[in-house]
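1. coords below, sequence missing:
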């Protein structure tokens, strides 16, 4: 049993994320597809960045559904546009923060999110509250590194992630760790090794693989989002955006 | 003591809201300015509509600050783009839902929001949760009328509002009522009369006037938003939007 | 990619649940295994029943892991023994209530659980609180039918389920429905038809299939429970139970 | 547009607070009036002090309304008698803690209160809970200085305030600071300078000015408290207090 | 093992409550003492009434301790002055609402409070929140009868109580009932009979007896309130009240 | 007035707890009875241990009721089987954690639990949440000593308890302390002395004595648990357990 999972990375920056980065997830027996944005920000590190990313994220998700995807994953831990996309699509739409937080709540008692910079901390705290899991949130820690510098020195990035991960367990009493940026894709093994080296044994959630698997599971089980929570938008004039299936005001 | 309050209505639809509608607020000794969007939706009734409204809302707010406004009010009860705009502006930015809910929590024990259509109910419930006031929320009731039909038959609109307002007090035990759409501007007196006619005496919050007054009070007291919560966005390439002060990728 | 998922039904009653009932889940490309209890209650409808089911549930789960299962699912919506089993196993252990509630929180705003009898209502309310999702719980409704009578007249069971499901949406404003007893396995299609017939379109979660798929996804993604939350029990004398791997006091 | 705001300081101690201290607020275009108590404590630092302050606070507020005030502000961060006064008055009655906490929730993500002594900490924690904002409360910090010693060495007071303010931001992750005693009136500029000197830029709420401005805004917008939450007391015999408008038992 | 429990009824109205009413509690092997107020309201039905009751309640409790009581019970479901009295006394001080709500949380899942009039509903809701038990509160129901009319027609009072009690169980799903006014002392048997007559079997908490027994249990176990939460008031001038042990300003 | 309180210690280990340890509680005018388990674990330090303790705990509690006990206390801070036992008994059944947490909430603002080992921390956190008191929980601290080693060097045990108790007050701001293991019975005086020596004056709850007194108070006041929350189990076949009054399947 398989599924075609379309990953939409809500930035336009080619070097940061391409199909090659996520195609290894096909090892799970899935077909992986990928889009970058045409318009939007180079990276997402605040609500302003998110706001400019969402309109084209919606468009790319609509195109993914039209192209036959079985489910869509938005590739950013701010879950930008998650509910808006759910309104216009009928296939399952997953955000990696929502999916990772619910998984973490299943795997252990308290979770910590290790993320990039201070400016995303209130956004993540708000998402935890909206998802109803803020009582399980042990801490949000930052490595103080902008998204576009993650790959510049991956060894240093992993060292910073390991340092904050260890502190999250020791000082904040976290039982499960979540990478707070999808740009950390592939770093989990290094962090687990660093944790093991100091005798810590907790799950480290690398969000995109688990979100892709969860999207496939939801599709295979025959579910999609509640159209009572996410009804199709009322038809109305729109100016300045050409969204497939929506009329455009002059 | 006065202040120039700039109201940005995050839709492009001229007939629905113009400076003439809000200029009466100048009776409070304020200068009132107004913008509509150039790009975005005709009305806001779901998260998809909001998503398309936010980019130009940000731009119009930046222009308002550049033109010398003392504070900005976003004229929609979904508070679209509120946090994103706070990141890029230094003057106070107020959303009418956040302002009205906090005022309602001061005026009485439990509040109900009377709004337009079912599709905005989860959005309002989420805002109440984010603002920390969901334990005070008695109910969210709808009159089942799209935004653009509010003014078609204002008498009918007010009758529907009155009916739901009375039920919110009697059945949901609300102590304070909030209009859940800024399109109901000016309807408070009619609703208060209808409530008084059945011996109900509770505040009915018409969001825009109180939000404008609160914006002036915050400005006059010398406050603005915390730059620790809403830091200026990191400079980065943006494609497809020309936001004053932000570089644009080719 | 496949996985061997072992379902432990925590009652001893053969006619109610056998491998034949759950083997259809092999359509998802999984290997399904199954155990009933040797000691315990005929059905689970209160905490007393649960208490007598848990010791042998632990034993059957330990045997399932020893026999090479990739993950274990406990086949009861009270999630009996879930945390205890996690302490003694290293493979993922899933409970259908925890899994279904987290899935429901992803699929829509508010969930209702439709279950068998009044005596399980406080248990389910407590689980929602422990899982951190009680603010999302719209209602717990009962069809007032003991577990062992579910299959006696399946048509009547489905009619009762449909009646309460419709009321959960209309009166309690539920966006997603969860079957509150795994004995309702296979009834989802009938309930969805009944809901559609009155123009209601919300997901109806049949817990065992989604829990089995989620167990496979967690296994395939390489995760298991946090050993910081669920550490192996300290070795000590036990009297009256022979648990594989634990010493027995005389 | 103006308003007459009457400030009732719920202690009898003349040197600590007089009309001269609050008359500068008339710069906001308001008329400021002021009362001290005739009976009550010299300062308020615990619930016992509050209890003895409330009866005469009620009387002074009734007198303020009778003298034509447009709104009343109770000048103590314990908000003593706030709800009782609302029951007997028809004009708006504001407490500086409630007003400041709601303003802080609008200005940033998490707030800290910097107050005088340990004995008021549980009172403030209880108010945050009652006002529904305890999830936004980062910390309550004390400078360990009794109210009546604040003005003895104002420089030292401000140094202590600055020290705790810096720690509230750095150690407790506060985004907005609130003075937890109205006796700190006028200290905000010094604290902001001290924060800026260590590169911290967060709002520092000096409660009385913002509460006075908020009282004027509520009056000007035409609102007062819900008489459903704060109904007029049932007429009954009272012994030992002469409250204007209430009968006195022999 | 015995204890001297002093009950302070925080009103001055002799006919309503005297030592004769509470002396039957001596059947529990306790010595029961009793005081009425010298100054204060005739009954307590709102926060204004409470405010005027608290100063003399403090004085009567101080006198009770000086006279050798082992513990004090404040005889009103608003728990007026509870924390203030704890500050000035060293013996245990119990409030019947706090005690009853914690007992109800031990006896069953959800509690309802059946009380006198609408004006006390927000007060009770606030107490439930402060005591941390609002998630267990099924409802607050009123019989719409002022305190001083409870005894005028006791049969009618009990009929009203029975009616609301039955509805609390049937409509609000309450598992335990609490009398929301200590004036209902002695009515529990009649209500239990009325509940049994319609096949309802839930505990009905008559607050004063259980609070007196709990006060004795706390005294006998050697506990009293935390002086970290309720420290002795700082010595300061007080005007207009002569509180034993506190200096009085001229 | 007296009562026969039966204490069931849910382990089989004779040296750890016998009637001699709890008979001193007869000084409160009570008759104390005691049982150990016949089958179960040597000590309880995780949910696995609890699971194996509960079936015989139920049996011993049923026997206690049959033998004429007035109330039952389960002698473990995990409150194992508390709700299950309440279902099958009609006399009051008390758990020391539930009773101690509710008492602590009455005695002061925030509580800390000082317990044995890390593995019980999530269990205690879950109980605090279920009992609705997690917002009052300042911390759960461990002395890192297995249950069966508590008495090996009682002086060292008390030193460790004192150390964590002092830190709970100083670092976590606890106002009341609770022993998180009933094996610490009798250590309160030593800990209070150690606290007093560093000028800390907070209640230290030794759970068994207060739970026994509370059980007697509930019995004497004529209450027992709500049969709506804890209904008698439906009659059904049980295999492998002989529970008095329940039929056994072959």
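-> On my side now, so go ahead. Since the model is a prediction, treat every value here as computed from it, not as a measurement. Residues are numbered from 1 along each chain as shown, chains lettered A, B, ... in the order given.
2. residues in contact with the closest residue to residue A:90 other than its chain neighbours?
-> Setting aside the residues directly before and after it, residue A:90 is nearest to residue A:224 in space (CB to CB, 6 or more residues apart in numbering or on different chains), at 6.2 Å. (Glycine included, C-beta is placed from N, CA and C.) Residues near residue A:224 by CB atoms under 8 Å, 6 or more residues apart in numbering or on different chains: A:90-92, A:218, C:107, C:203.
3. just want the residue of chain A that's nearest chain E.
-> When scored by CB to the nearest CB, chain A has residue A:135 as its residue closest to chain E, at 12.3 Å.
4. show me where pLDDT drops low in chain A?
-> Counting by pLDDT under 70, chain A has low-confidence residues at A:1, A:246-250.
5. what's the burial count for residue A:155?
-> 8 (other CB atoms under 10 Å in any protein chain shown).
6. actually residue A:201, not the one I typed
-> 12.
7. tell me the spacing between it and residue A:140.
-> Note on residue A:201: its distance to residue A:140, by CB to CB, to the nearest Å, is 22 Å.
8. before we move on, what about residue A:205?
-> 14 Å.
9. now do residue A:90
-> Residue A:90 sits 34 Å away from residue A:140, going by CB to CB.
10. the more surrounded of the two?
-> Shown here are residue A:90 and residue A:140; by other CB under 10 Å, residue A:140 has more neighbours (23 against 12).
11. wait, that one sits on residue A:113?
-> Yes - shown here, residue A:140 and residue A:113 form a contact pair, counting by CB atoms under 8 Å, at 4.8 Å.
12. what is in contact with these two at once?
-> Listed as contacting both residue A:140 and residue A:113 by CB under 8 Å, 6+ apart are A:124, A:180.
13. quick check: the gap between residue A:200 and residue A:167.
-> 11 Å.
14. which of these two has more neighbours?
-> Between residue A:200 and residue A:167, residue A:200 has the larger neighbour count (other CB under 10 Å), namely 18 against 15.
15. tell me which residues touch the more buried one, please.
-> Residue A:200 touches A:166, A:169-170, C:228, counting by CB under 8 Å, 6+ apart.
16. who wins for most neighbours among the contacts of residue A:224?
-> residue A:218 leads those on contacts (other CB under 10 Å) with 28 neighbours.
17. that residue in helix, strand or coil?
-> helix (DSSP: H, G, I helix; E, B strand; the rest coil).
18. thought it was touching residue A:71?
-> Yes - the pair residue A:218 / residue A:71 is scored as a contact, 6.7 Å apart, by CB under 8 Å.
19. give me the common contacts of those two.
-> Joint contacts of residue A:218 and residue A:71 (CB under 8 Å, 6+ apart) are A:92, A:94.
20. surely residue A:158 is in contact with residue A:193?
-> No - assessed by CB under 8 Å, residue A:158 is found out of contact with residue A:193, at 9.4 Å.
21. so for these two, which sits in the more crowded spot?
-> The residue with more neighbours, out of residue A:158 and residue A:193, is residue A:158; 22 against 11, by other CB under 10 Å.
22. list the contacts of the nearest residue to the more buried one once chain neighbours are set aside.
-> Excluding the flanking residues, the one nearest residue A:158 by CB to CB, 6+ apart is residue A:190, at 4.4 Å. Under the criterion of CB under 8 Å, 6+ apart, the neighbours of residue A:190 are A:158, A:161-162.
23. so can I have JSON lines of the residues you listed showing secondary structure and distance to residue C:30?
-> JSON lines is the format used below for these (DSSP: H, G, I helix; E, B strand; the rest coil; distance: CB to CB, whole Å):
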{"residue": "A:158", "secondary structure": "helix", "distance to residue C:30": "34"}
{"residue": "A:161", "secondary structure": "helix", "distance to residue C:30": "34"}
{"residue": "A:162", "secondary structure": "helix", "distance to residue C:30": "35"}
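24. just these now: which is nearest residue A:51?
-> Residue A:51 has its nearest neighbour among those in residue A:161, at 27.7 Å by CB to CB.
25. next, work out how far apart the closest one and residue C:136 are.
-> Distance of residue A:161 to residue C:136, computed by CB to CB: 32 Å.
26. just residue A:227 next, same as before
-> Relative to residue C:136, and taking CB to CB, residue A:227 is found at 18 Å.
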